[in-house]
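Enquirer: Any chance you can model this:
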Amino acid sequence: MASVFLYHVVGDLTVGKPEMGEFCETESVEAAIKAIGESTECGIPVWKRKPHAGIETNEMRQQRFVGILNSLDIVAFFAKKECMEDHDKALNTPVAEVVAPNNSLLRQVDPGTRLIDALEMMKHGVRRLLVRKSVVWQGMSKRFSILYNGKWLKNADTSGSSNNLGASSNRPSSSSTTSARDKFCCLSREDVIRFLIGCLGALAPLPLSSISSVGAINPNYKSIEATSPAIEATKKLPEDPSAIAVIEQLQDGQYKIIGEISASKLWKCDHLAAAWALANLSGGQFVMGVEDNMSSRSLKVIAVNQAAGNNDLANGGESTRPKKFSSKSIGFDPANPSFAASRTMYRGRSAPLTCKVTSSLAAVMAQMLSHRATHVWVTEDESDDVLVGVVGYADIMVAVTKQPASVVPPPGRSTEHSSIANEIHI
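Expert: Numbering: from 1, shown residues only. The predicted structure follows:
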């Protein structure tokens, strides 16, 4: 196992991270949309209100955590019939009625927790790590005995107890000042991947191995047919990654991916617009038009000038009446001969993020980070669209923590090169 996992700690990843502000379950969905737009991994942790009296323990804080709310959850909620009829009521709904309760998605850890232990937690479903800020931790060697405010710290044995919920007693301990008692930052899996991509030399030759050789491809993905109603995606909302592939079946029985309905794609979109499309369009129409530059106001009602009748036309009169936004109004008319051409036009704008089975692990990591995506769809090497599976954050973390013997070196890489690369230190 690479030394980077053993000698780096969670505290290394918190440098420069802002203090976390808790988003309360009593806040409105409208406020949640704004918060999600500024978040990582397209979602925000939701908390119960903090009690006013007494000192809060780690267990009490963990119990206050409700779950993580993302853009797909909100769009699926807006797509319900009662929400479509009253947008104002839907926007003012408390997020407690929308978020799916899951207390296991967040864990509070000590800043001295080893990186390998944090990765193990995230491999098993943890998506956020709550880390106390402004603490002093005693590293396991002189090399890592530092205080993050720029001061060097000598190794010293302390009798203080560790606040790490998942760490054993032989791990680094920490202590906090009274002023920093309630200051925390929140680390996401994106933060961990961003840190690891800066340590690729220490992980060699793993980063150059293909995702298929390291077992990073997950074939168990959720999908709907392009001809099926897009609303069917809300009946099978996946937990991780939060994405549903929109597919077309080929003649040989394989499936071609034409788009996706996911929290990543809906992250900073007009949620009301996307909800209307989800409730009224097919899966194929949704992925081709969800990014159309239409405002939510125009989705509710589009005013068009139409003739009231032949008599009104003869009199030169016109009447204006509201017309509901439809797929045909943006060119989604399957009966229209130009429909195939319009598909190509929209296809490029909402194309899913894909890679090939032969893509390297490092390339997929960089692809996810550059697009701020939680996953990448995997296609066959010979075809760009034939879907094989998906790679998410958890799959990458499983791959990078595998023992070297279980990783197949990429073609053309000698064992001598691999042994030298493993000795590279950060």
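
Enquirer: contacts and neighbour counts: CA atoms only from here.
Expert: Fine.

Enquirer: Contact partners for the closest residue to residue 225 other than its chain neighbours?
Expert: In this structure, residue 225 finds its nearest non-sequential neighbour in residue 247, 5.1 Å apart by CA to CA, 6 or more residues apart in numbering. By CA atoms under 8 Å, 6 or more residues apart in numbering, the residues touching residue 247 are 223-226, 255-259.

Enquirer: Which helix or strand contains residue 247?
Expert: strand 243-249 (DSSP states H and E).

Enquirer: what's the average pLDDT for that strand?
Expert: When pLDDT is averaged over strand 243-249, the result is 94.

Enquirer: Just checking: what are the partner strands of it?
Expert: Here strand 243-249 is paired, per DSSP bridges, with strand 222-225 (parallel), strand 255-262 (antiparallel).

Enquirer: what about the ones you listed, which gets the closest to residue 216?
Expert: Minimum separation from residue 216 across the strands paired with strand 243-249 (CA to CA) falls at strand 222-225, 16.8 Å.

Enquirer: which secondary element of the chain has the worst mean pLDDT?
Expert: None of the helices or strands of the chain scores lower by mean pLDDT, DSSP states H and E than strand 302-306, at a mean of 32.

Enquirer: pretty sure residue 393 contacts residue 189?
Expert: Yes. When contacts are counted by CA atoms under 8 Å, residue 393 is listed as touching residue 189 (6.6 Å).

Enquirer: ranking the strands paired with strand 243-249 by burial, who's on top?
Expert: Among the strands paired with strand 243-249, strand 255-262 has the highest mean neighbour count (mean count of other CA atoms under 10 Å), at a mean of 24.

Enquirer: so where's the chain shaky on pLDDT?
Expert: Residue ranges of the chain with pLDDT under 70: 1-2, 134-181, 290-350, 403-426.

Enquirer: The stretch 1-150 of the chain: strands as residue ranges?
Expert: 23-24, 43-47, 65-70, 106-109, 128-132, 135-137 (DSSP state E, counting those that start in this stretch).

Enquirer: What is the second one packed up against?
Expert: I take that to be strand 43-47. Judged by 3 or more CA pairs under 8 Å, 6 or more residues apart in numbering; DSSP states H and E, strand 43-47 is in contact with strand 23-24, helix 29-37, strand 65-70.

Enquirer: So which of those is nearest residue 355?
Expert: Here strand 65-70 is closest among the helices and strands packed on strand 43-47 (CA to CA), at 24.3 Å.

Enquirer: The closest one pairs with which strands?
Expert: Note on strand 65-70: by DSSP bridges, its sheet partners are strand 43-47 (antiparallel).

Enquirer: Export stretch 392-404 to PDB, keeping only CA atoms.
Expert: In PDB, the C-alpha atoms belonging to stretch 392-404 read as follows (Å, rounded to 0.1, in the frame of the first residue of the first chain):
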ATOM      1  CA  GLY A 392     -18.100   6.800  -9.200                       C
ATOM      2  CA  TYR A 393     -16.100   8.200  -6.300                       C
ATOM      3  CA  ALA A 394     -16.500   5.000  -4.300                       C
ATOM      4  CA  ASP A 395     -15.200   2.900  -7.200                       C
ATOM      5  CA  ILE A 396     -12.100   5.000  -7.400                       C
ATOM      6  CA  MET A 397     -11.400   4.700  -3.700                       C
ATOM      7  CA  VAL A 398     -11.700   1.000  -3.800                       C
ATOM      8  CA  ALA A 399      -9.300   0.900  -6.800                       C
ATOM      9  CA  VAL A 400      -6.600   3.100  -5.200                       C
ATOM     10  CA  THR A 401      -6.500   1.200  -1.900                       C
ATOM     11  CA  LYS A 402      -6.100  -2.200  -3.500                       C
ATOM     12  CA  GLN A 403      -2.900  -4.200  -2.800                       C
ATOM     13  CA  PRO A 404      -0.300  -3.800  -5.500                       C
END
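
Enquirer: and that stretch, which residues are buried?
Expert: 392-401, 404 (16 or more other CA atoms under 10 Å).

Enquirer: Inside strands: which ones of the residues you listed?
Expert: residue 392 (DSSP state E).

Enquirer: Which single one of the buried residues of stretch 392-404 is nearest to residue 384?
Expert: Using CA to CA, these come closest to residue 384 at residue 392, 18.8 Å.

Enquirer: If that closest one is in a bridge, with which residues?
Expert: Here residue 392 shows beta-bridge partners residue 375, assigned using DSSP bridges.

Enquirer: What separation do you get for it and residue 375?
Expert: Computed as CA to CA, to the nearest Å, the residue 392 to residue 375 distance reads 4 Å.

Enquirer: Need the residues touching each of those two.
Expert: In contact with both residue 392 and residue 375: residue 241, using CA under 8 Å, 6+ apart.

Enquirer: quick one: the helices in the stretch 151-300 of the chain?
Expert: Shown for the stretch 151-300 of the chain, the helices assigned by DSSP state H, counting those that start in this stretch span residues 189-196, 200-203, 271-280, 283-289, 296-300.
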